[in-house]
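Q: output the structure for:
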Amino acid sequence: MATEVQALAFSAATVGGFTNVFTSAESSHLAADTNTLASVTIGDSATNVNLNGKKVLCGFKVTEAFAQNGTASVAGTATFTFGDTEFDDQNDGQITLISTDGTSRTYTAKNAVCASATATISNHSNLASSGGNLVFIATDGTSVTATVHASTTTTTDTTSPTFAAVTSNNQTATNLATCLNANSRFRASADSAVVTVHQLFGGTAGNTTVAETDSGSGMSKTNFTGGADLDASQGEFACDVDATNAAERFEEIVESATNGHNTGSTTRFAVTTSSGQVTVTQSTVGAAGNTSITSTKNFDLNCDVNPPTAFTGGVDAGTPNLDMQGSFDGTNFFKIETVIADLDLTNTGIKAGIADLSTFSGVPFTRLAVNSNGVDVGTTSAGKGQFQFAVAVSS
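A: I've put the predicted structure just below:
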C-alpha cells in the first residue's frame, strides 16, 4: 500500500456558522486499488490554517463512485507438493501447523509402514487358456479378487476386478497393475512382468497373505510384508507409496477429529490434495490465520515444492476510512483521529464527521486521508472525490 498525496489545492469560503470552509480540487483515480489518498498539508502556505485546539468538520465528497467498498475476510492458505520420486526419501520428517486459534500440532512422515506384495506373470498364454485369480487382502480386511479375463481390464474401484491375459507377459502384468491401481485400497505398478502392490494404509494389519488360483501355472505371488504400525496420536502418517498417497494420508491426519487439528466439533483446517499437491486452508478467516509453519529438512527432502514458512493471504474484513493525520515535519505523518471508520465510497455525495483536535497543540502540519487502512476499493479506473474541512467559529 502506498500513499498518494495528489496536488489538490484547497479553496476557502464562509458558510453559516463555519468560517474558512475548504474544499479541495477533485482527485484523480488511485494508482492502486489499496492505496491511501491524502490531501495536501493543511497548515502550509497553501491554506495557512492551524487546526491545533480546534474542532474540525471533516468530509470527503465522492464525485465518482468507487468500484468496491472494502475487503471481505479471506482465510490464510499454504501449499506444498510431495515429490514424484522424492516422497519417501526421508523418514521421520516433521511439519508443524498452527491454526488461527493458536492450536499447534506436529505431523510426522513415516516411509516404511505400508506393506507390499508382488505378482509375477510367467506364462500369459496358460493364463488365457486356463484362467485364474489372485486374492489380495487390504489393511482394513477387505478382500479384492483379481480374475483373469480374455479381453477386459477393469479401471474402476471394485472388489472383483478383471485383467486381460493378452499379447505378452509384460502386457498382462501391466493390465493386472491397472485393475489393482483403480482400487481405493492399493497402489500397483508393473516393471516388465513383475507387479508390485502396495497397501495404501500402513500398519501390521497390512501384512496379509495373497491367495493364488492358477491351474495353468501362468503366474506366482508373494505375500504382503513390511507393514508397520503408525502412532496416529503422535501425528504420524504414511509416506511410502507415492506422492498422491502421501498427500491423501496427510489430509486424513490433519483433518482427523481424533488425532489431527479438527478435534471434537472444532474444524480448524480444510485440506485438499491433487496429484501430490497439498493445500491447507485455515477454517477461520482473517489475518490472524497467517500463522507460522515449521518443517524439518528431512520433511522438505520429501517434497518437490517445500512448505512455506507461514500461511499467507489471510485478510480481515474492512471498509475504507477517513482519518485526520498529523506531522511535526510535514513529511512523516501519524494518525490523530479516525473521523469516519466506515466511509462509503461506492455512492456519490458528502460523508462528514468531526475531528476533535481541541486537546492537540504543537502539531504544525495536518492533513486528511482516505483509506489509510489499505482496503480494496476496486479498480483503478473508477473513483474520484474531494476533501473538505471547516473550522467552527466557536469550538
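Q: so Ile253 sits in a helix?
A: Yes - with DSSP: H, G, I helix; E, B strand; the rest coil as the criterion, Ile253 is part of a helix.
Q: how about it, what does it touch?
A: Contacts here follow CB atoms under 8 Å, 6 or more residues apart in numbering; on that basis Ile253 touches 107, 232, 235-237, 259-260. Quick note: C-beta positions are derived from backbone N, CA and C, even for glycine.
Q: this structure: helices as residue ranges?
A: Counting by DSSP state H, one finds helices in the chain at the ranges 124-130, 169-181, 243-255, 297-300.
Q: in CSV, list the ones you listed along with distance to Thr222.
A: Converted to CSV, those look like this (distance: least, CB to CB, whole Å):
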stretch, distance to Thr222
helix 124-130, 18
helix 169-181, 14
helix 243-255, 21
helix 297-300, 30
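Q: got CSV for the ones you listed, with distance to Glu86 and mean pLDDT too?
A: CSV is the format used below for these (distance: least, CB to CB, whole Å; pLDDT from 0 to 100):
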stretch, distance to Glu86, mean pLDDT
helix 124-130, 35, 94
helix 169-181, 21, 98
helix 243-255, 8, 96
helix 297-300, 9, 95
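Q: Pro320 is nearest to which of those?
A: Between Pro320 and those, the shortest separation by CB to CB is 36.8 Å, and it involves helix 243-255.
Q: show me how the chain divides into domains.
A: Domain segmentation of the chain under automatic domain parsing yields 3-71+318-392, 77-112+230-305, 116-225.
Q: and the contacts of Ile253, which two are the farthest apart?
A: Glu236 and Gly260 (11.3 Å).
Q: grab the nearest non-local neighbour of Gly202.
A: Excluding its sequence neighbours, the residue lying closest to Gly202 (CB to CB, 6 or more residues apart in numbering) is Val113, at 3.3 Å.
Q: quick one: the one you found and Asp229 touch, right?
A: Yes - using CB atoms under 8 Å, Val113 is in contact with Asp229, at 7.3 Å.
Q: picking up where we left off before, distance to Thr312 added to the domains of the chain, as CSV?
A: Listed next are the domains of the chain as CSV, based on distance: least, CB to CB, whole Å:
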stretch, distance to Thr312
domain 3-71+318-392, 15
domain 77-112+230-305, 6
domain 116-225, 31
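Q: least reliable of those domains going by mean pLDDT?
A: Ranked by mean pLDDT, the domains of the chain bottom out at domain 3-71+318-392, with a mean of 87.
Q: from the chain's centre, how far out does that domain sit?
A: 36 Å (CA atoms, centre = their mean, to the nearest Å).
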